[in-house]
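Engineer: could you work out the structure for the sequence below:
(2 chains)
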Number of protein chains: 2
Amino acid sequence: MSNAHWIAADWGTTNLRLWAMRGAAAVHHRSSAQGMGGLKPAEFAPVLAQETAEWKAAEWADAPVVACGMVGSRQGWTEAPYAAAPTRAGTALVRVEGENVWIACGVKQLDPPDVMRGEETQIAGFLATRPDFDGVICMPGTHTKWARVSAGEICSFQSFMTGEIFGLLADHSVLRHTVQAASFDTDAFDLAVNDALAQPHRAFGRLFQLRAGALVGTLTPEVARATLSGLLIGWELAGAKPYWLGQEVALVGSPALSILYARGLRAQGTRVSEADAQAATLAGLHRAWKTLGSAA
Amino acid sequence: MSNAHWIAADWGTTNLRLWAMRGAAAVHHRSSAQGMGGLKPAEFAPVLAQETAEWKAAEWADAPVVACGMVGSRQGWTEAPYAAAPTRAGTALVRVEGENVWIACGVKQLDPPDVMRGEETQIAGFLATRPDFDGVICMPGTHTKWARVSAGEICSFQSFMTGEIFGLLADHSVLRHTVQAASFDTDAFDLAVNDALAQPHRAFGRLFQLRAGALVGTLTPEVARATLSGLLIGWELAGAKPYWLGQEVALVGSPALSILYARGLRAQGTRVSEADAQAATLAGLHRAWKTLGSAA
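Structural biologist: This is a model prediction of the structure:
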C-alpha cells in the first residue's frame, strides 16, 4: 500500500487545495477558490471531478479522495459528525455516499462550547512526527485554536476570532483608512502585545486611537497596522494564558502568522516550536488515508 | 431674533437630518440617507438645496443653515478645523464659502489622540439645559464617546469602537449565523456585562463560543445576541472605568442604546441620568445659531 495512489483535499470555507499523492509523497498540487462557502451540496462532486480530471486520466484513475475541513460541515457536502473531546486526534472518516471520497470528522467540546474542523487533521499530522508530544498546540488563523494534547488525544481546546476580527477591523471598519501598509513595524507590534497582555481592559479603548492618531498626530500606517495586530494577539494571549503558561507551545500555522505569535509568546518566556500548517494537514490526511486499508 | 427662521442639520457619515426651525422650536423635520460618506464635495450644495426646497419656498427663504457632524471633516463639504481639548463645548462655526451655511467645528485631543465631530454639539446642547453640570457625559453610538465636562468645558474624552464592532461581528462575522434575533435577553446581557467587566481578558475568548454554543449546545439567538452586546459593553466599561468610577454619568444617546449602558453602569452602583441625543443635537445647534447674530 505504500505506493498506492490517493488524493488529499484540504477543503475549507474559502479555498480548495488538492494534492495527487503517492503514499506519503505529494506528486502534484492544485488549488482553487472553490471553497465550501460558495457551493451547494450538489456542486461538490462536479467541482472535485473537474479539479482532479487530469490526475484521474493518469495514475490516479481509481484513487480515493481523503478530505478535511468545512466540506464536512452541515452546510458542506456530507456531514462528518464531530467527535467529542477528549478524543484521539483526527483519524475518524465518513464516506460520501456513492463516492470514493472520505471526509475527516471534526471535534467538538461541550463545556465551554467549541468546535474545530480541519485542525484535528493538523494535530494528527503534527503528532505523526512527534508521537510523544505532551503540551499545547496553537494553530493561528481566522479562528485561532489552542489545544491541550496528551497521549495522542485532544484533551481540551479553545478558539479565538483574532484573525477574523483583524480582517474586519483592518478592511471594513473606520480603521481601514489608517492601517493599509505593506511593511510592518515589529517594535510597535511587540509594544502592543505587551500592553494588551498586561492591561487587556485598556486594549479596547486603544483601537480608535489608531484612527485618531493619524488624524491629529503622526501615527504612520506601518505602526498603526502592527499595533492593531499586536493589540489583538496580546488580547488573545491574555485570554489563552491558562493554555500557554508554563507549557511548551507548538505553533502550527502559516509562517507569516506563526512568527507573530512566536514573538509574543517568547517575550513571555514561553518555549515555542514552529511547524508548517500545510505539511501538518498533508501528514494528517496521510495518516487518515492509511486507516482506509481495511475500510475501503 | 427669537422668532427668526433657520435650518438645523445633523449631517453624519450615513444620514442627513434636517429641521426647519423657528427660534428654539422645530417646525418641520426631514431625513435622508444622503450622508457625507456617499457624497463628493461638489454634491453637498445640491443635496441641501433639494432637501430644503420646500422650506426655502416658504418662510425659510433666507434662513441660514447650521450643521454639525462629518459634513465638516476633511472629506466633507468644508473642513471645520478641530478645537483642541480642553475647550469650551461646541459653539465654534466655520462658514461654507459663498453659502449661507455654517458648520460646527469638531474637537480633538492630542494625547492620547482622539477626535469628535457632532458630539461637541450634543455636549453644548446638554449643557444648555444643565449649565452647572460637572461630571461625565457618555454618548453611546457607533463610536461611543466618554467626555469629562467641567465649567462648560470639554476637559478630556475617549472613543470606543463598540457600536461599529458590534455591527461587524453581528452582521459580517461567523457569528452572523447565530445572533440574528428580534428579542433581547436582558438577563444574559447583565451576566455578560458583569463577566467582561470583572475579567476583561476572558471576554475575547468567549466570542467564538457564541457560534459553537449554537452548534453543539442549546444557545438561542436571543441569548447569543444579548451576550455579544453585553461582552462588548462590559469590555468598554472596563476600559472607561477611569471616566465613570465615582462620577455622575449623563447618557446622551438613542433611548434603545442608552438603556443598555444605564443597566451596566447602575449594576456597578454608578448614578446615571439619560438625555435624548437628538434633542441635545438640536439644542446645541440652536446655541450655535444664536452666536450668528453678530457674525451673519
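Engineer: tell me which element residue A:260 falls in.
Structural biologist: Here residue A:260 sits within helix A:255-266, counting by DSSP states H and E.
Engineer: after that helix, next one along is what?
Structural biologist: Once the chain leaves helix A:255-266, the next helix or strand it forms, by DSSP H and E, is strand A:271-276.
Engineer: CA atoms of that following strand as CSV?
Structural biologist: Extracted in CSV, the C-alpha atoms of strand A:271-276 (Å, rounded to 0.1, in the frame of the first residue of the first chain):
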residue,chain,number,x,y,z
ARG,A,271,9.3,27.8,24.9
VAL,A,272,8.0,27.7,21.3
SER,A,273,8.5,25.5,18.3
GLU,A,274,7.1,26.1,14.8
ALA,A,275,5.7,23.7,12.3
ASP,A,276,4.1,24.3,8.9
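Engineer: how much does the following helix or strand past it deviate in direction from strand A:271-276?
Structural biologist: In the C-terminal direction, the helix or strand that comes right after strand A:271-276 (DSSP H and E) is helix A:277-290. Counting by axes from the mean of the first three to the mean of the last three CA atoms, to 10 degrees, helix A:277-290 lies at 70 degrees to strand A:271-276.
Engineer: from the chain's centroid, how far away is helix A:277-290?
Structural biologist: Mean-position distance between helix A:277-290 and its chain equals 13 Å (CA atoms, centre = their mean, to the nearest Å).
Engineer: for stretch A:118-138, same thing?
Structural biologist: 12 Å.
Engineer: and for stretch A:75-92?
Structural biologist: 15 Å.
Engineer: got the buried residues for that stretch?
Structural biologist: A:76-78, A:80, A:82-83, A:85-87, A:89-92 (16 or more other CB atoms under 10 Å in any protein chain shown). Any C-beta I mention is one placed from the backbone N, CA and C, and that applies to glycine too.
Engineer: does it reach chain B?
Structural biologist: Yes - judged by CB under 8 Å from any CB of the partner chain, stretch A:75-92 comes into contact with chain B at residue A:82.
Engineer: identify the bridge partners of residue A:113.
Structural biologist: Taking DSSP bridges, one finds residue A:110 as the beta-bridge partners of residue A:113.
Engineer: any low-confidence regions in the stretch 1-150 of chain A?
Structural biologist: A:1-3 (pLDDT under 70).
Engineer: for it, what lies in contact range of chain B?
Structural biologist: Checking the stretch 1-150 of chain A against chain B by CB under 8 Å from any CB, the hits are A:82, A:108-110, A:112-115, A:143.
Engineer: could you rerun that using 6 Å?
Structural biologist: Within the stretch 1-150 of chain A, the positions lying close to chain B (CB under 6 Å from any CB of the partner chain) are A:108, A:112-115.
Engineer: before we move on, the earlier item: adding secondary structure, write the buried residues of stretch A:75-92 out as JSON lines.
Structural biologist: Shown next, in JSON lines, are the buried residues of stretch A:75-92 (DSSP: H, G, I helix; E, B strand; the rest coil):
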{"residue": "A:76", "secondary structure": "coil"}
{"residue": "A:77", "secondary structure": "coil"}
{"residue": "A:78", "secondary structure": "coil"}
{"residue": "A:80", "secondary structure": "coil"}
{"residue": "A:82", "secondary structure": "coil"}
{"residue": "A:83", "secondary structure": "strand"}
{"residue": "A:85", "secondary structure": "coil"}
{"residue": "A:86", "secondary structure": "coil"}
{"residue": "A:87", "secondary structure": "strand"}
{"residue": "A:89", "secondary structure": "coil"}
{"residue": "A:90", "secondary structure": "coil"}
{"residue": "A:91", "secondary structure": "coil"}
{"residue": "A:92", "secondary structure": "coil"}
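Engineer: for these, work out which two are farthest apart.
Structural biologist: A:77 and A:86 (27.6 Å; CB to CB).
Engineer: list the contacts of the helix or strand where residue A:205 lies.
Structural biologist: Residue A:205 is part of helix A:200-206 when elements are defined by DSSP H and E. Helix A:200-206 has contacts (CB atoms under 6 Å, 6 or more residues apart in numbering or on different chains) with A:196, A:231, A:235, A:238, B:158, B:160, B:200-201, B:235, B:238-239.
Engineer: among these, which are in helices?
Structural biologist: Among the contacts of helix A:200-206, the members found in helices (DSSP state H) are A:196, A:231, A:235, A:238, B:200-201, B:235, B:238-239.
Engineer: find the nearest non-adjacent residue to residue A:158, please.
Structural biologist: residue A:146 (5.1 Å; CB to CB, 6 or more residues apart in numbering or on different chains).
Engineer: and for residue A:99, the neighbour number?
Structural biologist: By the criterion of other CB atoms under 10 Å in any protein chain shown, residue A:99 has 16 neighbours.
Engineer: what does residue A:193 give?
Structural biologist: Residue A:193, neighbours per other CB under 10 Å, totals 29.
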